[in-house]
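>>> The following comprises the amino acid sequence and a computationally predicted model.
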Amino acid sequence: MSETGELLTQNAVGAEAAVRKAGGKRELSEGKKAERKLGLWLCAPAALVMLAVTGWPIIYSIWLSLQRYDLRFPDQQAFVGLENYVTVLGSPYWWQAFGITMMLTVVSVAIELVLGMTLALIMHRTLVGRGLVRTVALIPYGIVTVVAAFSWRYAWQSETGYLADLFAGQTDPLVNFWSSMGIITLAEVWKTTPFMALLLMAGLALVPDDLLKAAQMDGASAWQRFVKVMLPVMKPAILVALLFRTLDAFRIFDNIFVLTQGSQGRSSVSIQAYNNLIKGLNLGIGSTMSVLIFITVAIIAFIFVKLFGTAAPGSDEEGRR
Amino acid sequence: MAIQTAPDQDQWTRPSIWTRWGPKARWGLIDILVIAYAIIPVLWIVSLSFKTPSTLSDKSFIPNEWTWDNYINIFKTTDFIQALINSIGIALIATLIAVVLGTMAAYAIARLDFPGKRILVGVSLMIAMFPQVSLVSPLFDMERSLGLFDTWPGLILPYITFALPLAIYTLSAFFREIPWELEKAAKMDGATPGQAFRKVIAPLAAPGVFTTAILVFIFCWNDFLFAISLTSTNESRTVPAALQFFTGASYFEDPTGTTSAAAVIITIPIIIFVLFFQRRIVAGLTSGAVKG
């Protein structure tokens, strides 16, 4: 009976339906039927909420993105086809925000990977105060992003900050383009490195000690052991961490909003969409940007899954029951 | 036997004190660096919240004059109190609903065979990675026409949706670790799958559910994008959003001190969670991701 169950989950939905049709002959036992029914009932509420609050709005936002729809001029609402996309994709502001978002994503995720790996090794191996280190490392993860962003803002602001004089003689570090980008990256990296480290630490726990000892016996240096033994075992964990963080970094909003208000060409795509929508009340353009951000994220995820195949979290989830 | 092992142990510990003192001191130093990394930004905002208006801009990391005024001032304004009530209420309700729905779904995913399971897992993973800003514009328009804009449910709904994948993911990882033979035994004794779920598994699953609740609460507590986009008044604005509209005691005063005090207040629950449930949070965050 359990083999039937195994088969059912392995097969595609279509095949499953066929089995179910033939089910009259196969005679699904009472218990099996009850189990299926219970499974569907248990999942239905979660599935319904997710569908209602994401599925439908996604479709709706695609529809909105094809409209001229500015809340300041509601009577001019009309179907305009792809006009909004032409406007957005032809706008230098959009591409600037896109470039900045990409840059912030790549730079901060790269730094986080290195720092996160270091922190993971520290948390995994430290001989003293392991619990303490793990506890404090969770503070940046848990703290409200806006709170941390305010702390960084006040730290660098030229009137109040203890860090502001680090760039003595220059303009306000939050006004200068490159220094403010650096501060945004710092805030982002500070907040999310512990999360990266925790995911990597789970990967570290999978590295068998015997293997490391054997490598050491064979005269492998610490670096060789790291690259040749630990990294290959940790690969799935690293890829999951990278995927999570890349997609998360791409939607950066809070830090930029608090640190620079996205002024002077330092906005991310999320800030642009927000500005057009809430400040400009232009639903058509705002939705177009939403759809474009969604497509970009989908492409990034697709590239990850294609490049690294089995390491995608989806396949992990299904690989084991 | 006892006499024989004692000197044995001695031989082990004596050289190890020598060889380990060095590494221990080094690790201690590294630990201090990590601790400094994690808490300096927090200490800075705490320090600001205790500074008097005249010393606010002295750039000193430790206040030269200490005062509780900033805290007293924010609790005098209805703005902050209302925002705090909103934050707590919205996060608690969203957490409760997400954890209940998530527990049901995760149990089904971890234990039962039913059509559409893979689709559900796939969809919830997609939502977890979904750019939230993409939902802001349609939700903004829909909530305005449904009368949900600037209300508690208007925020609770998107929070539940984005918390559900997290809850399902974490919980199904926990549920896989549960000794399911007990469930079988209960079924042997004539319990229906529903009874087995309620009477046997639910109590065993409680620690995992609790951990998930913490993670979901942190997520809801943390949100800023929805809070600032889907609210327009104090009615339902949560603290992270309300911080943007802070003024000092009077409208002309610099809000740095009061903003810092409010920021410290909403950090307190996070610190409590981290201090008391460190192990659980670490287990919750890592179980789903790698063992998966």
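That came in fine, so what should we check first?
>>> can you list the weak-confidence ranges in chain B?
Where chain B drops to pLDDT under 70, the residues are B:1-21, B:247-253, B:288-292.
>>> In it, which residue sits nearest chain A?
B:Phe114 (3.0 Å; Cβ to the nearest Cβ). C-betas here are computed from N, CA, C, even on glycine.
>>> Pick out the residue in the stretch 1-150 of chain A sitting closest to chain B.
Closest point on the stretch 1-150 of chain A to chain B, by Cβ to the nearest Cβ, is A:Gly39, at 3.0 Å.
>>> What number of residues are in the vicinity of that residue?
24 (other Cβ atoms under 10 Å in any protein chain shown).
>>> Leaving aside the residues adjacent along the chain, what's closest to the residue nearest the centre of chain B?
Central residue of chain B (Cα atoms, centre = their mean): B:Ile218, 2.0 Å from the mean position. Leaving aside its chain neighbours, B:Ile218 sits nearest to A:Gly142 (5.4 Å; criterion: Cβ to Cβ, 6 or more residues apart in numbering or on different chains).
>>> A:Ala164 too?
The shortest distance from A:Ala164 to any non-neighbouring residue, by Cβ to Cβ, 6+ apart, is to A:Ser158 (4.7 Å).
>>> give the contact list for the residue nearest to B:Ile218.
Taking Cβ atoms under 8 Å, 6 or more residues apart in numbering or on different chains, we find A:Gly142 in contact with B:Ile218, B:Ile270, B:Ile271, B:Phe273, B:Val274, B:Ile281.
>>> can we see that at 7 Å?
Counting by Cβ atoms under 7 Å, 6 or more residues apart in numbering or on different chains, A:Gly142 makes contact with B:Ile218, B:Ile270, B:Phe273, B:Val274.
>>> what does the model give the residue nearest to the residue of chain B closest to chain A when sequence neighbours are not counted for pLDDT?
Nearest residue to B:Phe114, sequence neighbours excluded (Cβ to Cβ, 6+ apart): A:Gly39, at 3.0 Å. Looking at A:Gly39, its pLDDT stands at 88.
>>> ok, now how distant is A:Lys191 from A:Tyr141?
Distance, A:Lys191 to A:Tyr141, by Cβ to Cβ, to the nearest Å: 7 Å.
>>> Same question for A:Gly203.
Applying Cβ to Cβ to A:Gly203 and A:Tyr141 gives a distance of 17 Å.
>>> the more surrounded of these two?
Between A:Gly203 and A:Tyr141, counting by other Cβ under 10 Å, A:Gly203 is the more crowded of the two (25 against 22).
>>> Does the more buried one touch A:Ala237 like I think?
Yes. Using Cβ atoms under 7 Å, A:Gly203 is in contact with A:Ala237, at 2.5 Å.
>>> B:Arg144: which element?
helix B:133-146 (DSSP states H and E).
>>> distance between that helix and the chain's centre?
Centroid separation between helix B:133-146 and its chain, computed with Cα atoms, centre = their mean, to the nearest Å, is 25 Å.
>>> Name the residues of that helix that are buried.
Under the neighbour-count criterion of 16 or more other Cβ atoms under 10 Å in any protein chain shown, helix B:133-146 has B:Val133, B:Ser134, B:Leu135, B:Val136, B:Ser137, B:Pro138, B:Leu139, B:Phe140, B:Asp141, B:Met142, B:Glu143, B:Arg144 buried.
>>> Could you confirm whether it reaches chain A?
Yes. Residues of helix B:133-146 contacting chain A under Cβ under 7 Å from any Cβ of the partner chain: B:Val133, B:Ser134, B:Leu135, B:Val136, B:Ser137, B:Pro138, B:Leu139, B:Phe140, B:Asp141, B:Met142.
>>> Check the gap between the closest residue to the fourth one other than its chain neighbours and B:Val133 for me.
So that's B:Val136. Leaving aside its sequence neighbours, B:Val136 sits nearest to B:Ser229 (Cβ to Cβ, 6+ apart; 4.7 Å). According to Cβ to Cβ, B:Ser229 and B:Val133 sit 8 Å apart.
>>> Same check on B:Glu143?
In terms of Cβ to Cβ, B:Glu143 sits 15 Å off from B:Val133.
>>> what residue ranges in chain A are flagged as low confidence?
A:1-28, A:167-170, A:309-321.
>>> From the centroid of it, which residue is nearest?
A:Asp248 (2.5 Å).
>>> before we move on, which element is that residue in?
Here A:Asp248 is assigned to helix A:231-250, by DSSP H and E.
>>> B:Ile156 against B:Gly89, yeah?
No. Using Cβ under 7 Å, B:Ile156 makes no contact with B:Gly89, being 9.0 Å away.
>>> Which of those two has more residues huddled nearby?
Between B:Ile156 and B:Gly89, counted using other Cβ under 10 Å, B:Ile156 has the larger neighbour count: 24 against 15.
>>> Count the neighbours of the residue lying closest to the more buried one once chain neighbours are set aside for me.
Closest residue to B:Ile156 apart from its sequence neighbours, by Cβ to Cβ, 6+ apart: B:Ala94 at 4.7 Å. Neighbourhood size, B:Ala94 [other Cβ under 10 Å]: 27.
>>> got it, and the one 4 residues further on?
The burial count assigned to B:Ala98 is 29, neighbours taken as other Cβ under 10 Å.
>>> Those residues of the stretch 151-300 of chain A touching chain B, which are they?
So far as Cβ under 7 Å from any Cβ goes, the stretch 151-300 of chain A lies against chain B at A:151-152, A:154-155, A:159-162, A:164, A:190, A:198-199, A:201-203, A:206, A:236-237, A:240, A:247, A:250-251, A:253-254, A:270, A:273-274, A:277-278, A:283, A:286-287, A:290, A:293-294, A:297.
>>> shouldn't B:Ser236 be in contact with B:Trp152?
Yes. Between B:Ser236 and B:Trp152 there is a contact at 5.4 Å, judged by Cβ under 7 Å.
>>> Of these two, give the one with the bigger neighbour count.
B:Ser236 (25 against 17).
>>> Contact partners for that one?
B:Asn86, B:Asp150, B:Thr151, B:Trp152, B:Gly154, B:Leu155.
>>> you'd agree it is in a strand?
No. Assignment of B:Ser236 by DSSP: H, G, I helix; E, B strand; the rest coil gives coil, placing it outside any strand.
>>> Just want to check the distance between it and B:Ile90.
7 Å.
>>> per the record, what domains does the chain have?
No chain in the question, so chain A it is. A:2-84, A:92-311 (automatic domain parsing).
>>> Correction: the question concerned chain B.
If you go by automatic domain parsing, chain B breaks into B:19-67, B:70-291.
>>> Find the closest residue to chain B in the stretch 101-250 of chain A.
For the stretch 101-250 of chain A, Cβ to the nearest Cβ, closest residue to chain B: A:Ala202, 3.5 Å.
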